[in-house]
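K.L.:
Would you be able to build a 3D model of this:
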Amino acid sequence: MADAPRPVIIAVDGRSGAGKTTVALELAALLRRHRTVSLFHLEDIYPGWDGLAAGVDRYVSTVLAPLSQGRDARWTAWDWAAQYDGDSRTTAAADVVLVEGVGAAHASALPFLDVVIWVEAPALQRKQRALDRDGETYAPFWDRWAAQENLLFAGGAVAATADIVVDGAAGVAAAPEQVLSALTELPALEPVLAPELARRRGLELSVERLEVHPAGPALFAALYGQSANAVWLDSSIADGVGTADSVGTAGAGSTADGVGTADGVGTAGGVGTAGAGGSGRGAPIAPGGLPPGRSRFSIMADADGWFGRTAEHSGGVTTVRAGQVTARIRAPFFRWLDTVWGRKAVRAPEHYPGDFTLGWLGWLGYELKGETGGAPPPADLPHPAAPPAAALLFAGRAVVLDHELRCVFLLTLTEANHPLTRAEAAAWRAQVRATVADLPAAGAPALPPAPAFTLRDGEARYKAMISASRAEIREGNSYEICLTTQLSAHAAGRVDAWECYRALRRRSPAPFAAFLKFGGVAVCSTSPERFLRIDAAGLMRAEPIKGTRRRDADPLVDAALRADLASSPKDRAENVMIVDLLRNDLSHFALPETLTVPRLCAIESYATVHQLVSTVEARLAPGSSRAQALAAAFPAGSMTGAPKISTMAILDRLEGAPRGIYSGGIGYFSLNAAMDLSVTIRTLVLQDTDDGGTHLSLGVGGAITADSDDHAEWLEIQAKAFGVLSTLGATFPG
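P.N.:
Purely as a prediction, here's the structure:
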């Protein structure tokens, strides 16, 4: 008779008393709802109290080997009472086979396994649990058995390589359902877990409207100030701070991007504001040249609650943490993103005007270019260690401020067959209502002593890089090279990133401002540029900016600067080159006839700058992957130059160091399949260091063309850095 199809084999490993047996039993029960499941316990095959290693050998040869070929496994059980081999038993080659016990994921077993789950707990807790479970019969053998475990695991750390790790320090009663959810995110298990995936997408969104419009900083501090992981996608420009009365003052420097620079990008309604849906094709332009609705929404959320989780991508692995369970997905980031986002999982009620309907929020770093045609980052990164290439949190509840209707929307996610999610959502809404009703006023930001920044590339080296860029352009290797460098500082003590962000948003309001904190990394962004938006209906929109003039307090001078920008051949050429690049990027997944440029080189005026902005739009082709459409456009062309692939290679050689979070994107991936990302510019990154201090970094740059002037470009990066540095009381180095 022909062998049955090969089963999916899942190992549940861990030291004695960690809780792996409970996890395996309960997980088996959950999996049996939709498929056949066999469960094998290694304790049934160990040949006595000194037989751990021999038992693992028996398990691999008599259980795993036949199961991996789709055959039932026939093996000999150990008779613990007689202390001798007992009866013959069979483990059927079911759809899924769970193998549980110490050594289930031993190195010799790995070739046969599809998934490894490791359950861990402190030694004292493990011993007490084992004795409670097995009584005093185990007590005389605990040290003897523990020594064998130490020897077995000495060859490698299973926990470090496992696909899923369960923290059993506080027990594992809630872990099995979380483990099942984590299994659905492993690409290898998608076919067998199709019913669970369908259930995961069967979610319900509730939206409650509050007729209040509280101050954003006070609300975020009250709701999320103590959260370990939180995001505020902040349309700070909607607050009306830092407006025209600051034109020509020091505050203007933060958005003073010189002519045609790489950061000179600046528009946007994306992140945090993205829910508004942007201006719409052919929409009239509001005073100042900004499309209406661009800065309509701000979004606040953290990773708490039943649905909350975080995802970090580094070294080709996406690590997803939910409660006590950690899953590792060894696959490219955009492939993982395609499994968790891009299909419409919820429908927004008619009274809610936003495009964000809960989902993933966070950053995508520039080094993800290694998946999209660029080279991966070097392995020998300098100290401090670089932050993750991407960091996202999944929000199952969020606060959305509507700056147009001057109200607040409370978004909550529930699962139809899970009553606890409804109770949790109701309790959270009540908590937010109470917080809003008694919101304290926020005082002025309290900044630390001014840090002393250093520049990675001094004046001589940076000018040499500019000259080298022009040489590459003359050789025909690029048309435009968006050259960047980085300022960094080290503070001896912890710097309060929240206070830094409050100060930055007051001085430099922006439509794409954002504050993010993921553990020991915080991001304070005052970006004015949208990278890419894809709405729920599939309309893709990019809004690149090339060309900037600082505003002036004198109306006549200000008007002259605006006119100069509008008539500048150099700025227009740079803008058009990036528009062509983005048209090509979007075309890979677009209906060809829908690719348009509704705005070309239009002027948008902010409190501190005039900027040259274009809009590129296209309709996503039916059946296309939204994650792959994003990957085709990543990173933003305004931060690379054109053509993108060859220019990124040139930048790698010239810059000689990773950009990290800078030059990537910040935004959201919504459950209705919408997304909106800003370009990560004018952004301060703060990282906690092991010595109790804080590492601060600020990326700056400019677009180099054939007629760029070395000294003008050098002055330009100083102007780019001025806003953040002056807010912190710091000065440009050297």
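K.L.:
and Trp118, how far is that from Thr326?
P.N.:
9 Å (CB to CB, to the nearest Å). No exception for glycine: its C-beta is placed from N, CA and C like everyone else's.
K.L.:
So the two - more neighbours on which side?
P.N.:
Trp118 (25 against 21; other CB atoms under 10 Å).
K.L.:
so what's that one up against?
P.N.:
For Trp118, the contact set (CB atoms under 8 Å, 6 or more residues apart in numbering) comprises Asp13, Gly14, Ala105, Val158, Ala159, Ala162, Ile164, Val165, Val166.
K.L.:
Kindly report the same for Tyr224.
P.N.:
Ala230, Trp232, Met300, Ala301, Asp302.
K.L.:
among those residues, which two are most distant?
P.N.:
Taking CB to CB as the measure, these span a maximum distance of 9.8 Å, between Trp232 and Asp302.
K.L.:
Is Leu696 located within a strand, as I assumed?
P.N.:
Yes. Secondary structure of Leu696 (DSSP: H, G, I helix; E, B strand; the rest coil): part of a strand.
K.L.:
Which of the helices or strands spans Gly685?
P.N.:
That one is not Gly; residue 685 is Val. For Val685, the element it lies in under DSSP states H and E is strand 683-688.
K.L.:
one step back: okay, and which of the contacts of Tyr224 map to strands?
P.N.:
Counted as lying in strands by DSSP state E, out of the contacts of Tyr224, are Ala230, Trp232, Met300, Ala301, Asp302.
K.L.:
On the pLDDT front, check Ile299 for me.
P.N.:
In this model, Ile299 is scored at 98, pLDDT.
K.L.:
which non-adjacent residue is nearest it?
P.N.:
Nearest non-adjacent residue to Ile299, counting by CB to CB, 6 or more residues apart in numbering: Leu233, 4.3 Å away.
K.L.:
which one of the contacts of Tyr224 sits closest to Arg502?
P.N.:
Using CB to CB, Trp232 comes nearest to Arg502 of these, at 10.8 Å.
K.L.:
related to what we said a few turns ago, Trp232 and Asp302: which is more packed in?
P.N.:
Shown here are Trp232 and Asp302; by other CB under 10 Å, Trp232 has more neighbours (30 against 23).
K.L.:
Tell me what that one is bridged to.
P.N.:
Beta-bridge partners for Trp232, by DSSP bridges, are Met300, Phe515.
K.L.:
Just to check, it is in contact with Lys517?
P.N.:
No. Under the criterion of CB atoms under 8 Å, Trp232 is not in contact with Lys517, lying 9.3 Å apart.
K.L.:
May I see the ones in strands among the contacts of Tyr224 arranged in CSV, with distance to Gln718 as well?
P.N.:
Shown next, in CSV, are those (distance: CB to CB, whole Å):
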residue, distance to Gln718
Ala230, 33
Trp232, 29
Met300, 34
Ala301, 36
Asp302, 37
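K.L.:
Which one of the residues you listed is nearest to Tyr462?
P.N.:
Nearest to Tyr462 among the ones in strands among the contacts of Tyr224, with distances taken as CB to CB, is Trp232, at 33.4 Å.
K.L.:
ok, now which ones touch the closest one?
P.N.:
By CB under 8 Å, 6+ apart, the neighbours of Trp232 are Gly216, Phe220, Tyr224, Gly272, Ser298, Ile299, Met300, Ala514, Phe515, Leu516.
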